[in-house]
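*Asks:* got a sequence here, can you build the structure:
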Amino acid sequence: MPTETACESASITANPAPGRPGRDSRAGRGEGASATPRPGRPGILRPKRPAAPLAAPGPVPSLARPLAADPNPPLEAAPLFRARITAADGEAFLARGPGGRTLPAKRAAGCLLLPEPGDLVLCHGGGDGLTYVVSVLERAGTRAVLDVGADLTVRGGETMRFEAKTVAVEAGEALSLEAPDLSLTGVRGRLGFLRLSVLADALDAKLRGLTSVVEDASALFGGLSLKARTAIRLVETEMVRAGRLRQLVRERFFVRAGRAAILADEDVSIDADKINLG
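*Replies:* Coordinates of the predicted model:
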């Protein structure tokens, strides 16, 4: 039985059955893409309908079309433009922009470097007619001034350094330095004040040499202790007022004067193993 069925299917494919020329003729001409047997009925072929051909994709239009650059664009179309400062008066400036047009401008708050005539700057001009100097691109000179025009607070990290060959700090009214630990180090130092006040709990000074020139000095001590290996004083006039005065000399006490006077209200005592007078 399987052999006969295979032969019958082959004969049907090779010689189509009479009486149904339409379907068999289309299959014979190859108009169908392929022929498959109908399920459940072996030996009878049913051609598939040809699939519709797909259209070839066309070129995708570009969304970004390059525009021709305008050498002198209007300010409304180019809000950022370069300009040259021609005049400066405080916070008012004159800037020569594209096409040689001179515009009045003012410094933006973020522009810390003060523009000067001749500087190349970056400006922002809007439709409201206001032009701001945003930044200084190139300086005409070597002088630079940082001007914020308001109270300034600079916050740093762990360390802040100012490095320059010469640093000068000038304050019109007051200068204050506050820190838990303050150090001033240098090879030479000078202090010049009309009036100087020093307030400290303790003062420790270690000097190899000290030279003082004072016209008038006044000192008030609760206690004074002076230790010196050699002390020499050259005084024109000296006056000592004391409730008690005691001098202890270990080896020799020598007093020499043109005139000497010892006056006592009560007693004068001279005690020695040997006294020489004259």
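*Asks:* C-alpha from now on. contacts and neighbour counts both.
*Replies:* OK.
*Asks:* low pLDDT regions in the protein?
*Replies:* Residues of the chain meeting the criterion pLDDT under 70: 1-78, 127.
*Asks:* quick one, domains of it?
*Replies:* With domains defined by automatic domain parsing, the chain comprises 2-47, 80-138.
*Asks:* which residues of the stretch 151-278 of the chain fall in helices?
*Replies:* Listed from the start of the chain, the stretch 151-278 of the chain has no helices (DSSP state H, counting those that start in this stretch) to report.
*Asks:* how about the strands in it?
*Replies:* Read by DSSP state E, counting those that start in this stretch, the stretch 151-278 of the chain holds no strands at all.
*Asks:* give me the residue at the spatial middle of the protein.
*Replies:* In the chain, the C-alpha closest to the average C-alpha coordinate belongs to residue 156, at a distance of 7.9 Å (C-alpha atoms, centre = their mean).
*Asks:* how about residue 88, secondary structure?
*Replies:* Classification of residue 88 by DSSP: H, G, I helix; E, B strand; the rest coil places it in strand.
*Asks:* okay, now it: neighbour count?
*Replies:* Residue crowding around residue 88 was assessed by other C-alpha atoms under 10 Å; the count is 18.
*Asks:* pretty sure it sits against residue 117.
*Replies:* Yes: using C-alpha atoms under 8 Å, residue 88 and residue 117 qualify as a contacting pair, with a distance of 6.3 Å.
*Asks:* so which helix or strand takes in residue 137?
*Replies:* With the criterion set as DSSP states H and E, the secondary-structure element containing residue 137 is strand 131-138.
*Asks:* what lies in contact with that strand?
*Replies:* Outside of strand 131-138, the residues that reach it under the criterion C-alpha atoms under 8 Å, 6 or more residues apart in numbering are 103-108, 110-111, 113, 115, 119-125.
*Asks:* which among these end up buried?
*Replies:* By the neighbour-count criterion of 16 or more other C-alpha atoms under 10 Å, those include these buried positions: 103-108, 111, 113, 115, 119-125.
*Asks:* so which of those residues comes closest to residue 274?
*Replies:* Lowest distance from residue 274 to the buried ones among the contacts of strand 131-138 (C-alpha to C-alpha) belongs to residue 113, with 89.7 Å.
*Asks:* quick check: the gap between that closest one and residue 172.
*Replies:* Per C-alpha to C-alpha, to the nearest Å, residue 113 is found 21 Å from residue 172.
*Asks:* can you tell me how far residue 110 is from residue 155?
*Replies:* 17 Å.
*Asks:* next one: residue 177
*Replies:* Here the criterion is C-alpha to C-alpha. By it, residue 177 lies 15 Å from residue 155.
*Asks:* next: residue 239.
*Replies:* Going from residue 239 to residue 155 by C-alpha to C-alpha gives 58 Å.
*Asks:* brilliant, that's me finished.
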